[in-house]
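[1] here is a sequence with its predicted model. Questions after.
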Amino acid sequence: MSVKILGIESSCDETAAAVVSDGREILSGVVASQIDVHQKYGGVVPELASREHLRQIVPVVREAMEQAHLKLADLDAIAVTHGPGLVGALLVGITYGKTLAAALGKPLIPVNHLEGHVHAVFLEAHRAGRIAKLPAVCLIVSGGHTVLYEVTPKDEQSADASGLLRYRKIGQTRDDAAGEAYDKVAKLLALGYPGGPILDRLAAAGNGTPPPVRFGPTRMKGNALDFSFSGLKTAVLYHLREHPEYSEEIRQREEAIRRGEKSFAQLLPLCNAQTLALVREFQNAVVRDLVDRTMAAAEHMAAESILVSGGVAANSHLRTVFEERAGKAGIALFFPSRALSTDNAAMIAAAAYPHFRAGEFADASLNADPALTLA
Ligand code: KG4
Ligand code: ZN
């Protein structure tokens with residue numbers, strides 16, 4: 001009999017539920033995004049996030065169960081994200097998960113959101129019939145995190161990711177996360193929220209106009225595997241201030257967004273060649289830093305695999321550059337599908353499975369841990 005785990009995720013601005021069988025087979029996955037709620041503030045507003053989670057959690061779980069053609073009694077365990085994230089948002093999922101587990105008499109498994117992102121990669125690998133060999137270097141790159149881990153099996157006899165894993169943090173951002181830099185630069189340019197998806201497409205839409213400014217690699221004192229993105233965002237800000245020719249276009253886009261015209265097709269005609277070249281230069285700088293440091297870590301540690309996950313892992317240019325570089329270095333590269341890159345609950349249910357087998361359960365005292373770390 002397979003082990004069916006219901007995963008619940010509510011750490012940020014997505015309310016999600018999914019059922020995963022044996023940690024690898026996705027039986028259902030539902031994600032209710034709050035983008036429309038937070039968009040006009042240009043970022044996630046914690047109070048609004050909690051309220052939306054409260055509204056969404058019951059219908060989202062119900063839909064996940066229906067999609068999986070299962071009854072709650074068929075589940076073997078309930079897994080819930082207990083950190084890191086927004087405390088009020090986390091508490092909605094935790095309280096619901098606890099209650100459900102108690103009512104059903106099933107075990108409750110607390111999952112670290114970051115370990116969820118790691119398992120998003122394994123879910124996709126399984127779907128593609130691939131096995132990620134360990135040790136691996138894992139880059140988690142999202143709106144809240146930019147961090148590099150070394151991933152090894154806890155059981156030294158094992159060479160893959162089927163059991164409990166051990167994480168060692170080898171680098172992290174000292175200021176903004178990469179996704180946050182995308183979101184902030186999109187805000188400066190009046191390109192809506194979140195910034196990543198639209199900047200990704202605008203960067204690819206340019207006609208090869210040379211960049212209006214160059215952003216060099218960020219050099220780090222101390223740990224060379226650390227990241228920093230706030231300087232890049234500030235460089236974009238200064239460039240825009242020094243060049244008044246951008247302001248009329250920015251004003252037009254602000255108006256378009258106010259009218260609700262915020263799609264790529266609607267905003268593209270409001271971006272001239274210089275803006276597109278600027279977006280491309282920004283993206284090139286972010287991607288270069290992410291890839292250079294991850295490759296340096298992987299080569300230094302003789303990693304078998306490179307795993308990339310989190311919202312920014314959906315980025316097309318990041319995928320292309322990683323494929324080139326990992327291919328040249330002969331290191332196996334793993335990305336989740338775009339849907340599994342951003343926050344979802346299948347990754348939470350998948351990450352719970354090895355803990356289920358190890359009997360690592362929580363009791364009713366489980367609390368949210370907004371600053372929970374993985375290593
Ligand atoms: O993992 P995620 O859904 O939530 C967090 O845990 O933060 O990541 C959301 C972040 C946002 O900052 C968003 O702008 C970024 O991921 N993002 C992208 C792309 N799609 C989403 N960044 C760059 N390129 C993309 N295609
Ligand atoms: Zn996330």
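    It's in. Residues are numbered from 1 along each chain as shown. Ligands and ions are numbered 1, 2, ... in the order given.
[2] pull the helix or strand with minimum mean pLDDT from the chain.
    Every helix and strand of the chain was ranked by mean pLDDT, DSSP states H and E. The lowest is helix 35-38, at a mean of 85.
[3] mind listing what's buried along it?
    By 16 or more other C-beta atoms under 10 Å, the buried positions in helix 35-38 come out as 37, 38. The way it works is simple: take the backbone N, C-alpha and C, and place the C-beta from them, glycine included.
[4] same for it, what does it pack against?
    Packing partners of helix 35-38 (3 or more C-beta pairs under 8 Å, 6 or more residues apart in numbering; DSSP states H and E): helix 46-67.
[5] quick revisit: show residues contacting the least confident helix or strand of the chain.
    Residues from elsewhere that reach helix 35-38 (C-beta atoms under 8 Å, 6 or more residues apart in numbering): 13, 44, 45, 48, 49, 52, 193, 194.
[6] test my guess that the last one contacts residue 179.
    Yes: the pair residue 194 and residue 179 qualifies as a contact (C-beta atoms under 8 Å) at a distance of 7.4 Å.
[7] who touches both of those two?
    Taking C-beta under 8 Å, 6+ apart as the contact rule, residue 194 and residue 179 both touch 143, 311.
[8] which one of the contacts of helix 35-38 is nearest ligand 1?
    Nearest to ligand 1, judged by C-beta to the nearest ligand atom, of the contacts of helix 35-38 is residue 194 at 3.6 Å.
[9] what does the stretch 201-350 of the chain put close to ligand 2?
    Proximity of the stretch 201-350 of the chain to ligand 2, by C-beta under 5 Å from the ion, involves residues residue 343.
[10] helices of the stretch 201-350 of the chain, residue ranges please.
    230-242, 247-258, 264-267, 273-300, 316-329, 338-341, 346-357 (DSSP state H, counting those that start in this stretch).
[11] which one of the ones you listed lies closest to residue 128?
    helix 338-341 (11.7 Å; C-beta to C-beta).
[12] tell me the buried residues in that closest one?
    Buried, per 16+ other C-beta under 10 Å, within helix 338-341: 340, 341.
[13] how about the contacts made by whichever residue of the stretch 101-250 of the chain sits closest to ligand 1?
    Closest approach between the stretch 101-250 of the chain and ligand 1, counting by C-beta to the nearest ligand atom: residue 196, at 2.0 Å. Residue 196 makes contact with 143, 179, 182, 183, 186, 311, 312, 314, 315, according to C-beta under 8 Å, 6+ apart.
[14] quick revisit: dump the helices of the stretch 201-350 of the chain into TSV; add distance to residue 213 and mean pLDDT as well.
    Shown next, in TSV, are the helices of the stretch 201-350 of the chain (distance: least, C-beta to C-beta, whole Å; pLDDT from 0 to 100):
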stretch	distance to residue 213	mean pLDDT
helix 230-242	5	98
helix 247-258	16	97
helix 264-267	21	98
helix 273-300	7	98
helix 316-329	18	98
helix 338-341	29	96
helix 346-357	37	98
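[15] so for residue 104, which of those helices sits nearest?
    Of all the helices of the stretch 201-350 of the chain, it is helix 346-357 that lies closest to residue 104, at 14.6 Å by C-beta to C-beta.
[16] how is the residue of the stretch 101-250 of the chain closest to ligand 1 assigned, secondary-structure-wise?
    Under DSSP: H, G, I helix; E, B strand; the rest coil, residue 196 falls in the helix class.
[17] please verify my assumption that residue 173 contacts residue 225.
    No: in this structure, residue 173 is not within contact of residue 225 by C-beta under 8 Å, at 10.8 Å.
[18] okay, now residue 48: neighbour count?
    Neighbourhood size, residue 48 [other C-beta atoms under 10 Å]: 16.
[19] which residue is nearest the centroid of this structure?
    Nearest to the geometric centre of the chain sits residue 310, at 2.1 Å (C-alpha atoms, centre = their mean).
[20] how near is it to residue 227?
    Going from residue 310 to residue 227 by C-beta to C-beta, to the nearest Å gives 13 Å.
[21] and if you look at residue 166?
    On the measure of C-beta to C-beta, residue 166 and residue 227 end up 22 Å apart.
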